[in-house]
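> Sequence first, predicted coordinates after that:
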Amino acid sequence: MEILISIVVFGLIAAGFGALLGYASVRFKVEGDPLVEQIDALLPQTQCGQCGYPGCKPYADAVANGEAINKCAPGGDDTIKKIADLMGVEVQPLDENHSVDNAPKVAFIIEEDCIGCTKCIQACPVDAITGAAKVMHTIIADECTGCDLCVDPCPVDCIEMIPIKQTPETWQWDLQSIDVVQID
């Protein structure tokens with residue numbers, strides 16, 4: 001009888017600890033890797049794929065798992081330095097296989113040459129191109145990240161990348177490079 005009571009008591013204790021661990025795993029679950037989130041926040045979010053990954057988040061995940069930090073051409077040397085500082089590694093020059101002119105650009109469709117094939121629409125990762133099959137397409141400039149992915153699929157070469165001129169309307173603060181001074 002004492003053995004049966006001991007088994008029941010230990011069974012209840014095990015069930016209690018199991019329930020506690022189950023609750024803790026749900027209550028304190030980490031949704032994602034905080035390092036991946038921090039690296040992703042430093043990347044320019046162009047979703048261009050120039051790094052060899054389909055977007056900034058997959059590249060951030062790869063960097064957090066040991067991939068080279070110097071493959072983001074749109075981010076350039078400034079982004080590489082910020083990632084190196086975050087991860088405590090040495091700054092590397094931009095990988096020459098990924099280096100491009102990273103001045104801000106926007107796609108422009110020469111509309112009279114457009115045949116409406118929709119290949120550019122399919123290539124755009126941010127849905128910045130509007131149009132329909134066999135109808136002229138156009139770029140929504142405010143949505144375009146300048147990733148250049150729509151240029152190569154175009155069979156009639158009617159898409160150009162135009163540099164964005166710095167005006168008071170297009171100029172933006174680089175908020176990640178500003179040191180905030182806290183006044184007590």
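Perfect, I can see it now.

> And for Cys51, the neighbour number?
Counted with other Cβ atoms under 10 Å, the neighbours of Cys51 add up to 25. Every C-beta, even on glycine, is put in place using the N, C-alpha and C of the backbone.

> what's the answer for Met161, then?
Neighbour tally, Met161, other Cβ under 10 Å: 17.

> The host helix or strand of it - what's its average pLDDT?
For Met161, the host element (DSSP states H and E) is strand 159-163. The average pLDDT within strand 159-163 is 90.

> Next: stretch 121-140.
Mean predicted confidence for stretch 121-140 is 90.

> buried ones in it?
For stretch 121-140, the neighbour count (16 or more other Cβ atoms under 10 Å) marks 121, 123-124, 126, 128-129, 131, 136-137, 139 as buried.

> Which parts of this structure are strands?
105-109, 129-130, 138-139, 159-163 (DSSP state E).

> Which pLDDT does the model give the residue nearest in space to the middle of the chain?
In the chain, the centroid-proximal residue (Cα atoms, centre = their mean) is Cys56; its distance is 2.2 Å. Confidence at Cys56, expressed as pLDDT, is 90.

> So the chain: which segments form each domain?
Using automatic domain parsing, the domain parsing of the chain gives 34-87, 105-163.

> before we move on, back to that, now flag whichever of the buried residues of stretch 121-140 is closest to Phe28.
Relative to Phe28, the closest of these is Val126; by Cβ to Cβ it sits at 34.8 Å.
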